[in-house]
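In: can't give you the sequence, but here's the structure:
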């Protein structure tokens, strides 16, 4: 019998829990400049917060020791900007031979994918393009899946910098709570929790981020992590999901506070 716990599924006939999905943003910056990016990429400078590959492999070892991982996503920012992007996929396939590996890119640097096409096929990587219809010469036949980001309206992040929302209500409505983000030492509850400090820094805000936004994987057991995923985090009170709009047209960011913050 299996019990669904916010994307963590416990198989009660075995000792090892199943983790349906986890992801790593291997870089935070991007070679596009999308207005209101929900990964906050326009606010990051080049090479800032780039994941250290060697430290990250130890984090993957630890997670794989505790969980059977069904799906692992590599994204950013723009992941092809990391000089070792292919090493991440090689390591994951070696460590997680049965997992679905996804790699999400805007496709601008798809020449790198073309150059490594055979190896990516051998690694059985699902390539996903976020298509912004920028009239670039991108061979879309390279990709297994496409997100048409022109026809699909963008969500406005609708962040309440004063923290006046019900954290429980926000958490219950949130689809991002299923997107656990692995760094070199921690799992973060979502990509918003991962980047709230960047909002504080860039816009001189005072969003109070408590320690429950993340959990140290080296000091925690699988059960600790499961329990941590089962409740709202204090940072959830900054997400105004009741009034979040999904009607934002794609455009270039001017790095204005209003692209992310509602007050």
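Out: Received the coordinates, thanks. What you see is a predicted model; the values in this text were computed from it and never measured.
In: which regions of the protein lie under the pLDDT threshold?
Out: Scanning the chain for pLDDT under 70 picks out 1-15, 133-135, 147-153.
In: Could you rerun that using 80?
Out: Along the chain, segments meeting pLDDT under 80 span 1-15, 47, 131-140, 145-156, 175-177, 244-249.
In: now the residue lying closest to residue 166 once chain neighbours are set aside, what's its secondary structure?
Out: Residue nearest to residue 166 in three dimensions, not counting chain neighbours: residue 237, with 6.9 Å by Cβ to Cβ, 6 or more residues apart in numbering. Where you see a C-beta, it was placed from the backbone N, CA and C, and this is true even at glycine. Classification of residue 237 using DSSP: H, G, I helix; E, B strand; the rest coil returns helix.
In: How many residues are close by residue 237?
Out: Look at residue 237: counted by other Cβ atoms under 10 Å, it has 21 neighbours.
In: My read is that it contacts residue 171, right?
Out: No: with contact defined as Cβ atoms under 8 Å, residue 237 does not count as touching residue 171 (9.3 Å).
In: circling back to that earlier point, contacting residues for the residue nearest to residue 166?
Out: By Cβ atoms under 8 Å, 6 or more residues apart in numbering, residue 237 lies in contact with 160, 163, 164, 165, 166, 167, 170.
In: List just the nearest of those residues to residue 203.
Out: residue 160 (13.5 Å; Cβ to Cβ).
In: And residue 66, how far from residue 220?
Out: 9 Å (Cβ to Cβ, to the nearest Å).
In: go on, residue 187?
Out: Taking Cβ to Cβ, one finds residue 187 at 9 Å from residue 220.
In: of those two, who's got more company?
Out: Set residue 187 next to residue 220 and count neighbours by other Cβ under 10 Å: residue 187 wins out with 21 against 17.
In: For the stretch 51-200 of the chain, which segments are assigned as strands?
Out: With DSSP state E, counting those that start in this stretch as the criterion, the stretch 51-200 of the chain has strands at 68-69, 71-75, 100-105, 125-131, 145-148, 181-182, 186-188.
In: Helices along the stretch 101-250 of the chain, start to end?
Out: 110-115, 117-122, 167-173, 191-203, 222-229 (DSSP state H, counting those that start in this stretch).
In: Let me have those helices in TSV, extended by mean neighbour count.
Out: Compiled in TSV, the helices of the stretch 101-250 of the chain are given as follows (neighbours: other Cβ atoms under 10 Å):
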stretch	mean neighbour count
helix 110-115	15
helix 117-122	12
helix 167-173	16
helix 191-203	19
helix 222-229	16
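In: nearest to residue 37, of those?
Out: If we rank these by Cβ to Cβ, the stretch that ends up nearest is helix 191-203, at 9.8 Å.
In: which residues touch the nearest residue to residue 32 once chain neighbours are set aside?
Out: Closest residue in space to residue 32, ignoring its immediate chain neighbours: residue 106 at 5.4 Å, by Cβ to Cβ, 6+ apart. The contact partners of residue 106, by Cβ under 8 Å, 6+ apart, come to 30, 31, 32, 78, 129, 130, 132.
In: For residue 182, see how far away the third one is.
Out: As defined by Cβ to Cβ, residue 32 lies at a distance of 24 Å from residue 182.
In: More neighbours: those two, which one.
Out: Each of residue 32 and residue 182 has its neighbours counted (other Cβ under 10 Å); residue 182 has more, 21 against 18.
In: sec struct for the nearest residue to that one once chain neighbours are set aside, please.
Out: Nearest residue to residue 182 in three dimensions, chain neighbours excluded: residue 24, at 4.9 Å (Cβ to Cβ, 6+ apart). Classification of residue 24 by three-state DSSP places it in strand.
In: partner residues bridging residue 24?
Out: residue 74 (DSSP bridges).
In: Count the residues that sit near it.
Out: 22.
In: for residue 164, same thing?
Out: Residue 164: 10 neighbours (other Cβ under 10 Å).
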